[in-house]
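In: what's the 3D shape of this:
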Amino acid sequence: MFRVFVASVLLSSQIACAHQSQDFAKTPPVPYEGEILDFYSTKDPYGEFSNFAAYPVFVDGEWWKTSEHYYQAHKYDQPELIKWVQEADTPMEAAKRGRDGTIPKRADWDLRKDGFMEKAVLDKFTRHEELKVLLLSTGKARLFEHTKNDCYWGDCGDRTGKNKLGLLLERIRQDLKIQ
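Out: Model (predicted):
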């Protein structure tokens with residue numbers, strides 16, 4: 001029992017250190033006046049909205065370095081593969097491990113992926129007050145994960161994609177306004 005507690009404290013402090021050493025300038029939470037807000041890279045304004053931003057999440061009773069770690073890990077249903085992705089040093093490494101085409105994904109992935117993303121992103125924006133304030137500062141703007149690299153979570157770079165992450169953030173923002 002004591003070992004589990006110590007391990008949990010050590011992991012929490014490692015995650016907190018990773019959060020403190022982010023390599024991007026934080027976006028000030030000033031009211032956003034535009035109708036459309038694009039985000040993608042953690043190095044650009046509103047990079048905090050990216051799943052690669054170094055904000056730890058606590059989901060399903062465990063700490064995850066980023067929402068990207070949680071999401072990518074759950075492409076698998078085998079505990080050792082989930083742990084393998086969870087332990088990736090960076091969100092990019094977690095993404096590479098989750099996208100490994102030589103490892104079969106869980107059979108129900110397409111049915112469950114939106115739920116896994118929602119759990120991680122919701123925790124991220126309710127756990128970190130600065131992110132909640134930043135998201136609320138976007139007002140009524142349409143949020144787009146603006147990238148050619150993803151037409152499901154992003155907008156295909158030309159607004160033709162599904163933009164599921166932007167829509168999820170808009171829904172979370174609306175729920176936060178009500179609270």
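
In: what residue ranges in this protein are flagged as low confidence?
Out: 1-24 (pLDDT under 70).

In: And the helices in it, which stretches?
Out: Taking DSSP state H as the criterion, the chain carries its helices at 2-20, 67-73, 79-86, 91-98, 109-127, 129-136, 164-178.

In: how many other residues sit next to the nearest residue to residue 36 once chain neighbours are set aside?
Out: Using Cβ to Cβ, 6 or more residues apart in numbering and skipping the chain neighbours, the partner closest in space to residue 36 is residue 142 (5.0 Å). In this view, the C-beta of every residue, glycine as well, is placed from N, C-alpha and C. Each residue near residue 142 was counted by other Cβ atoms under 10 Å, and the total is 16.

In: that older thread, how about CSV for the helices of the chain, with distance to residue 153 and mean neighbour count added?
Out: CSV is the format used below for the helices of the chain (distance: least, Cβ to Cβ, whole Å; neighbours: other Cβ atoms under 10 Å):
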stretch, distance to residue 153, mean neighbour count
helix 2-20, 22, 11
helix 67-73, 9, 27
helix 79-86, 17, 16
helix 91-98, 12, 19
helix 109-127, 7, 17
helix 129-136, 17, 16
helix 164-178, 4, 17
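
In: Need the ones you listed in a markdown table (columns: distance to residue 32).
Out: Shown next, in a markdown table, are these (distance: least, Cβ to Cβ, whole Å):
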| stretch | distance to residue 32 |
| --- | --- |
| helix 2-20 | 24 |
| helix 67-73 | 22 |
| helix 79-86 | 33 |
| helix 91-98 | 25 |
| helix 109-127 | 16 |
| helix 129-136 | 9 |
| helix 164-178 | 11 |
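
In: picking that back up, wouldn't the residue nearest to residue 36 be in contact with residue 167 here?
Out: No - under the criterion of Cβ atoms under 8 Å, residue 142 is not in contact with residue 167, lying 9.0 Å apart.

In: about what we covered before: now for the residue nearest to residue 36: which residues touch it?
Out: Residues in contact with residue 142 (Cβ atoms under 8 Å, 6 or more residues apart in numbering) are 35, 36, 37, 166, 170.

In: How about residue 126?
Out: Counting by Cβ under 8 Å, 6+ apart, residue 126 touches 132, 176.
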